[in-house]
Structure formats: C-alpha cells, structure tokens
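> Mind folding the following:
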Amino acid sequence: RGYFFTWMGENMKNTKNFASRWGFILASVGSAVGMANVWGFPNKLGSNGGGAFLLIYLLFIFIFSYVGLPAEFAMGRHAATGTLGAYEKAWSTRGKGAGKAGGLLGWLPLAGSLCIALGYAVIVTYILKALGDSLVGTLMTTDTASWFGTFSSTPYSVIPYHIIVVVGTLLTLYLGAHSIEKTNKIMMPVFFIIFLVLAVRVALLPGSSAGYRFMFTPNWAALKDPMIWIWAMGQAFFSLSVTGSGMIVYGAYLSKEEDVVHMAQRTALFDTIAAVVAALVIIPACFSYDLDVGAGPGLLFVTLPTILQDIPLGRLFAIILYVAMIFAGISSLQNMFEAVVESLMHKFPKLSRTAALAILCALCLGIGLFMEPIAKWGTWMDLVSIYIIPIGATLGAVSWFYIMKKDDLLTAINTGSHKTTGTKDTAKRCVWRIAKMKFQNNIIAGKTEKQIVIIAAFKKTPMQVTNHMSAMESVLLKLRTIATFKSDGAKKLTTTTIII
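Predicted coordinates:
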C-alpha cells in the first residue's frame with residue numbers, strides 16, 4: 001500500500017505537462033476528433049453540396065491551423081494555465097484592472113466548454129447504448145428507427161450508460177496531462193485503424209462509387225452560396241475545437257521547446273484525415289443503400305445500423321464502429337472537462353483535483369440526466385453551438401489579437417519556434433544584419449571594448465529568444481548591451497563573436 005501511494009505521489013507531480021510531442025499531438029487530435037468529425041462532417045458534407053463544401057472546409061482548416069489554433073496553444077503555454085488565467089494574462093498587458101476584467105470575461109468561453117460537454121455526454125451515452133446492444137445482438141435484429149425512437153424520446157432511459165460515460169471520462173483525468181496522454185496514445189491509433197478498416201469494407205459495397213464522386217467532384221455553382229461558406233467555417237471551428245477555451249488548457253501542458261504553429265498544423269492534418277475517413281465510411285455506404293446522407297442524429301443510430309444489418313459480419317463491424325466512436329467521444333469530453341477542472345483549480349488554489357472532478361461530476365449528472373431526450377439536448381446543443389461557442393471564440397480572438405500587446409503575443413507564439421513570426425527577419429538574419437551595420441559604420445575593434453556574444457542553434461532545436469529585437473536595438477543605440485540568445489537542449493551550438 002505504501003508503494004502505491006508513493007507511485008501515485010510521483011505521478012501526480014507530472015500531471016502538469018505532456019511527456020512527449022506525440023502525446024500532446026494525439027491528445028489535441030483526440031479533442032478535435034469527435035462527433036464533429038464522425039457525424040457532423042459527413043452530415044454537413046452531405047447536406048451542402050459534397051465536393052464544394054469539402055473545398056471550402058479545407059480552406060478554413062488551413063487558415064485556422066495558422067491563426068486560431070496556434071494562438072490558443074500559445075496563450076495556454078504563455079500563461080502556464082487554462083482559460084481563466086490565459087484571459088487574465090492577455091488583458092493584463094493593458095494594466096492590472098484590465099487583467100481582472102479579462103479574468104471575468106474568461107468565464108463565458110469556459111461556460112461554453114461546460115455547456116457543450118453536458119449535451120456531448122448525452123450523445124456519447126447514446127453511442128454506448130448502441131455498442132451494448134451491438135454486443136448482445138439486439139441491434140442486429142430490431143427495427144432501428146423504432147429502437148432509436150424509443151430510448152431517445154423517453155426521459156431517464158439511459159441513466160446507467162450516462163453515469164458510466166461521465167464517471168469513466170472523469171477518471172481518465174485523475175492524473176491530469178499524464179493520464180490524458182496515456183489514454184489518447186491508445187484511443188487515437190485504434191480509432192484511425194478501425195475507420196480505415198471500415199472504409200475498406202464500405203468500398204466493396206455495390207454502388208459506393210457514387211458516394212466518392214459526390215464527395216470529390218465539386219459543384220462549382222455551389223461556391224456562390226454564402227450559406228455553404230458559413231456552414232463550412234462553423235464546421236472547421238467546431239472540428240478543431242477553436243472555442244476560445246478548450247485548446248488553451250492543452251497549450252498550458254506543452255513544453256516551451258515546441259513550436260505551436262507546427263503542433264497546430266499537425267493537429268489540423270490528423271483531424272482532417274479523421275473527418276475525411278469518417279466521410280469515406282458513411283457517405284458511400286448511404287449512396288450504396290440509397291439513404292439520406294443528411295439524416296442528422298439518425299445517421300448514426302438508424303441509417304448505419306440498417307446498413308450493418310444487411311452486410312456479412314455486420315454485428316462485428318457494428319461493434320468496432322461504435323468502439324471507435326466511443327473513443328472519439330471520450331477524447332473530446334476529456335478536453336472539455338479538463339478545461340473546467342483546471343480553471344477551477346486555478347481560481348481556487350486550495351481545491352484539489354479530486355474535489356474539482358467531483359464537483360464537475362455532480363454538475364454533469366445533475367443537469368445532464370434531465371437532458372437525455374433528444375428533443376432537449378438537440379435544442380441545447382443548437383443553442384450552445386450557434387451562440388455561446390461563437391461568442392467565446394470571438395472573445396478569444398479579440399483578447400489575443402486586439403487587446404493583448406503585439407510584442408507579448410509574438411513572444412508567446414515564437415517561443416520554441418525555429419523561425420520568428422511577425423518580424424521581417426529571423427533571429428539569425430538579425431545577427432548578421434547587426435554585424436554588417438557595425439562594419440559599414442567603421443565601428444571596429446578598438447573603438448569600444450564591448451563584445452556581443454550571440455549563441456544560437458540553427459539546426460533542429462528552435463531558438464528561445466526573448467525580446468530579441470529590443471535587445472538588438474539597445475546594442476545598436478548604446479553599444480553596451482551584451483545580448484545572449486539561448487537554445488535549450490540544442491544538439492549543436494554555433495557561436496559567433498562580433499567585436500564592436
């Protein structure tokens with residue numbers, strides 16, 4: 001028993017950071033990969049012109065992977081905390097009073113994370129019931145529309161599943177970043193493997209080729225429809241979890257040696273692959289059976305089970321399909337829950353993680369159990385996704401890009417970067433620019449006894465440069481600053497000494 005508590009104590013010390021780069025990427029992908037990909041993307045793609053929607057969606061994913069997502073990662077890391085602390089940190093660059101105002105504003109996007117988690121947990125609960133009925137074989141012999149209608153319209157019909165989803169997900173957060181990383185290192189690879197297997201199986205269905213043509217043949221006239229652009233943009237926001245809250249907390253657990261832009265790009269890449277693979281499973285299958293690809297929640301609980309009932313080994317494929325969906329749902333819930341837990345612990349320092357998890361459990365079940373009928377959580381999710389999350393995302397954008405001082409924002413983003421964002425020159429170019437100006441102005445050895453010693457790594461490890469432009473300007477104007485540029489953990493250092 002003593003060994004157990006010693007082990008727990010050692011691991012609790014490591015809850016504040018992800019242990020590896022891939023651990024962070026898989027956790028971030030897990031947050032992004034969820035119902036927005038497995039159900040939302042195929043549904044939106046099917047309802048909004050197929051290939052045209054796909055092109056616009058990819059455009060917005062590209063933009064947000066360079067702007068919105070890196071900013072959330074960077075702010076979390078810069079503040080070394082989650083939503084509430086990040087907003088306070090951003091606004092405090094305009095003064096202490098502004099910082100307090102920012103901390104108060106941060107409650108809105110944080111509330112958005114909690115509100116969407118309440119409805120999201122119900123969706124994952126439905127999926128867990130579908131998995132259970134697939135395991136016992138009930139789903140393979142019933143009328144799927146009647147089966148779905150019965151429990152989705154009856155209050156308190158899935159309470160045991162609901163408790164398992166909420167409590168089970170919260171238990172995966174007990175060790176913070178450490179347990180989030182460990183679980184996603186299992187869930188995400190399994191998710192991708194399962195959906196690739198399903199995509200191959202669907203490709204063998206007769207008539208599935210029509211689904212591929214629908215997905216990848218753009219209807220150019222549809223590009224003129226502004227609503228398709230709006231739906232695609234909203235789907236990209238939701239898919240990448242750019243909500244002004246969730247991804248901030250994962251950024252708080254990211255090492256300062258990592259490049260947030262590269263991390264965001266990799267997260268967006270794997271998230272997009274997951275969305276497209278999910279669509280490759282669902283849309284060709286719907287075309288093969290001449291079913292509606294824009295069927296909403298019925299797509300997962302009526303359309304797909306109907307198809308699975310008809311194909312060989314359908315029960316096996318139903319089991320692995322819903323297992324993959326459970327993994328996608330839990331990994332997204334982890335992020336929503338962790339955003340709330342971390343902020344509670346930040347706001348109330350004496351609150352333990354166990355107590356914060358218990359409070360969140362009481363909130364989710366105390367409210368969520370009354371939202372189990374689809375008529376309630378469907379309306380709730382529409383309200384949250386249409387109003388609360390966009391407002392939270394807008395607050396985040398305003399806070400990072402307009403309220404926060406530009407130099408502080410660039411410092412946050414450039415930490416760990418192999419190249420400097422927001423300036424005309426990289427640090428390396430600035431070094432040689434200084435040298436050239438010195439010698440052109442005949443400032444040579446003997447004029448002063450000062451030296452600038454510039455240490456930088458120009459290989460794989462990014463330079464950790466703090467306010468390098470202001471340091472260099474000080475050298476130029478006063479000729480008395482010794483500027484040192486460090487590269488922590490560099491495999492090779494290049495040292496250049498310039499006598500001025």
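> Tell me how far the residue nearest to Thr93 when sequence neighbours are not counted lies from Gly95.
Counting by Cβ to Cβ, 6 or more residues apart in numbering, Thr93 lies nearest to Lys405, which is 4.3 Å off, once chain neighbours are set aside. Glycine gets a C-beta too; all of them are placed from N, C-alpha and C. Note on Lys405: its distance to Gly95, by Cβ to Cβ, to the nearest Å, is 11 Å.
> ok, back up a step: just give me the neighbour total for the residue nearest to Thr93.
12 (other Cβ atoms under 10 Å).
> Please apply the same query to Phe401.
So Phe401, with other Cβ under 10 Å, has 14 neighbours.
> Quick check: it is in a strand.
No: going by DSSP: H, G, I helix; E, B strand; the rest coil, the assignment for Phe401 is helix, not a strand.
> isn't it right next to Pro70, touching?
No: Phe401 is beyond contact range of Pro70, at 11.8 Å (criterion: Cβ atoms under 8 Å).
> Check for me that Val293 belongs to a helix.
No: using three-state DSSP, the assignment for Val293 is coil, not a helix.
> So for it, what's the pLDDT?
As predicted, Val293 sits at a pLDDT of 74.
> That one contacts Val281, correct?
No: using Cβ under 8 Å, Val293 makes no contact with Val281, being 11.7 Å away.
> wait, is Glu257 part of a strand?
No: under three-state DSSP, Glu257 falls outside any strand and is assigned coil.
> Could you tell me how many residues sit around it?
Glu257: 15 neighbours (other Cβ under 10 Å).
> Spatially nearest residue to it, not counting backbone neighbours?
Nearest one to Glu257, counting by Cβ to Cβ, 6+ apart, is Gly416 at 5.2 Å.
> what comes into contact with stretch 199-207?
208, 277, 280-281, 284-285, 287-290, 311, 317 (Cβ atoms under 8 Å, 6 or more residues apart in numbering).
> ugh, wrong one, I meant stretch 174-188
For stretch 174-188, using Cβ under 8 Å, 6+ apart, the contacting residues are 11-12, 14-20, 22-24, 26-27, 29-30, 33, 172-173, 253, 270, 327-328, 330-331, 334, 338, 353-354, 357.
> Quick one, which of those residues are buried?
15, 17-18, 23-24, 26-27, 29-30, 33, 172-173, 253, 270, 327-328, 330-331, 334, 338, 353, 357 (16 or more other Cβ atoms under 10 Å).
> name the element Thr142 belongs to?
Under DSSP states H and E, no helix or strand contains Thr142.
> Let me know whether Thr172 touches Gln334 as I believe.
Yes: taking Cβ under 8 Å as the definition, Thr172 is a contact partner of Gln334 at 6.1 Å.
> Show me the shaky parts of this structure.
For the chain, the stretches flagged by pLDDT under 70 are 1-16, 36, 294-296, 386, 418-500.
> rewinding a little: for the contacts of stretch 199-207, which one is nearest Leu240?
Checking the contacts of stretch 199-207 against Leu240 by Cβ to Cβ gives Val277 as the nearest, at 16.5 Å.
> how close does that closest one sit to Gly112?
28 Å.
> neighbour-wise, which of those two wins?
Gly112 (27 against 19).
> how about the nearest residue to Ala32, chain neighbours excluded?
Asp271 is the one closest to Ala32 (Cβ to Cβ, 6+ apart), at 4.1 Å.
> Please, which helix or strand holds that neighbour?
Per DSSP H and E: helix 260-288 holds Asp271.
> and that helix, how far out from the chain's middle?
Centroid separation for helix 260-288 versus its chain: 14 Å, with Cα atoms, centre = their mean, to the nearest Å.
> which parts of it are buried?
260-268, 270-288.
> Stretch 141-159 now?
144, 147-148, 151-152, 157-158.
> before we move on, back to that, isn't the residue nearest to Thr93 right up against Arg94?
Yes: at 7.4 Å, Lys405 counts as touching Arg94 under the criterion of Cβ under 8 Å.
> need the strands for the protein, in chain order.
451-456, 494-499 (DSSP state E).
> What are the neighbouring residues in contact with Ala32?
239-241, 267-268, 271, 274, 332.
> repeat that for 10 Å
Counting by Cβ atoms under 10 Å, 6 or more residues apart in numbering, Ala32 makes contact with 69, 238-242, 246-247, 267-268, 270-272, 274-275, 328, 331-332, 335.
> ditto for Val277
Taking Cβ under 10 Å, 6+ apart, one finds 37-38, 191-192, 194-196, 198-199 in contact with Val277.
> if you look at the residues you listed, which of them are in helices?
Among these, the ones falling in helices (DSSP state H) are 191-192, 194-196, 198-199.
> Among these, name the buried ones.
Looks like these have 191-192, 194-195, 198-199 buried, using 16+ other Cβ under 10 Å.
> Take those and write them to CSV, including distance to Thr138.
Below are those laid out as CSV (distance: Cβ to Cβ, whole Å):
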residue, distance to Thr138
Phe191, 24
Phe192, 28
Ile194, 21
Phe195, 24
Leu198, 21
Ala199, 26
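> ok, of those residues, which one's closest to Leu55?
Ala199 (20.6 Å).
> where's that closest one relative to Ala279, distance?
9 Å.
> repeat for Arg201
In terms of Cβ to Cβ, Arg201 sits 15 Å off from Ala279.
> same check, this time on Ala393
With Cβ to Cβ as the criterion, Ala393 and Ala279 are 24 Å apart.
> Lys347 touches Val341, doesn't it?
No: look at Lys347 against Val341 with Cβ atoms under 10 Å: they stay out of range, at 11.1 Å.
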